[in-house]
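K.L.:
kindly return the folded structure for what I paste below:
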Amino acid sequence: MPLGTLLRDPRIVKPTAICICLMLLQAMTGIDAILSFKYQIFVASGSSVGPNLGSIIVGAVQVVAVLVAGSLMDRFGRRRLLLISEAIAAISLFFMGLSFYLLENGAAISRMIGWLPLLSLVVFEIGFSLGIGPIPWIYLEILPSHLIGQCLSTFRVSLEKYSHPKLF
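P.N.:
Alright, predicted model coming up:
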């Protein structure tokens, strides 16, 4: 089906826009950069937990949080869980930034809070895995089935090829 035809059909435009916005929100959390550089984050932060152990802890928490997310979606609903997980992720990223700010500016307290980077990453992974991570993929079901592959591949390729290298 040509792209021009798809963009004129309101039954297709609205669900596609919702899915694209959710996928964009997911990508803009910086999850790819965090997962790729969590070892370096622990090294740079001077965390009291070693970078290898910290990476293992964050990965284990991510697995558990994904397993819990399925049951929570049924209980709380997707929208509420998405909003809660966005808030959790934002707050944890704020504290991660705060720990690096204090470390960079030589604040004496930065030595006492060497555990903050690990806690921030663990809380971020919990927040991400509870909602921002899985829910955009679940919302693909609102698209017509014959368009899921086309819309998804177009969005992911454009996002990964053009915006990720510019942002991270």
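K.L.:
helices of the protein, residue ranges please.
P.N.:
For the chain, helices defined by DSSP state H occupy the ranges 3-8, 10-28, 31-45, 51-76, 78-104, 109-112, 116-127, 135-138, 148-158, 164-167.
K.L.:
reformat those helices into a markdown table and put mean pLDDT and mean neighbour count next to each item.
P.N.:
No exception for glycine: its C-beta is placed from N, CA and C like everyone else's. Shown next, in a markdown table, are these (pLDDT from 0 to 100; neighbours: other CB atoms under 10 Å):
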| stretch | mean pLDDT | mean neighbour count |
| --- | --- | --- |
| helix 3-8 | 65 | 10 |
| helix 10-28 | 81 | 15 |
| helix 31-45 | 82 | 16 |
| helix 51-76 | 85 | 15 |
| helix 78-104 | 90 | 17 |
| helix 109-112 | 68 | 13 |
| helix 116-127 | 88 | 23 |
| helix 135-138 | 84 | 16 |
| helix 148-158 | 66 | 13 |
| helix 164-167 | 55 | 10 |
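K.L.:
show me the contacts for residue 68.
P.N.:
residue 130 (CB atoms under 8 Å, 6 or more residues apart in numbering).
K.L.:
measure it to residue 74 for me?
P.N.:
Residue 68 sits 11 Å away from residue 74, going by CB to CB, to the nearest Å.
K.L.:
could you do residue 43 as well?
P.N.:
On the measure of CB to CB, residue 43 and residue 74 end up 40 Å apart.
K.L.:
residue 24 now?
P.N.:
With CB to CB as the criterion, residue 24 and residue 74 are 26 Å apart.
K.L.:
same question, residue 16
P.N.:
Relative to residue 74, and taking CB to CB, residue 16 is found at 26 Å.
K.L.:
which ones are touching residue 96?
P.N.:
With CB under 8 Å, 6+ apart, residue 96 has these contacts: 41, 116, 117, 120, 121, 124.
K.L.:
give me the spatial nearest neighbour of the first one, chain neighbours excluded.
P.N.:
Just to be clear, that refers to residue 41. Counting by CB to CB, 6 or more residues apart in numbering, the nearest residue to residue 41 once its immediate chain neighbours are dropped is residue 117, at 6.2 Å.
K.L.:
doesn't residue 40 make contact with the one you found?
P.N.:
No. Counting by CB atoms under 8 Å, residue 117 does not reach residue 40; the two are 11.1 Å apart.
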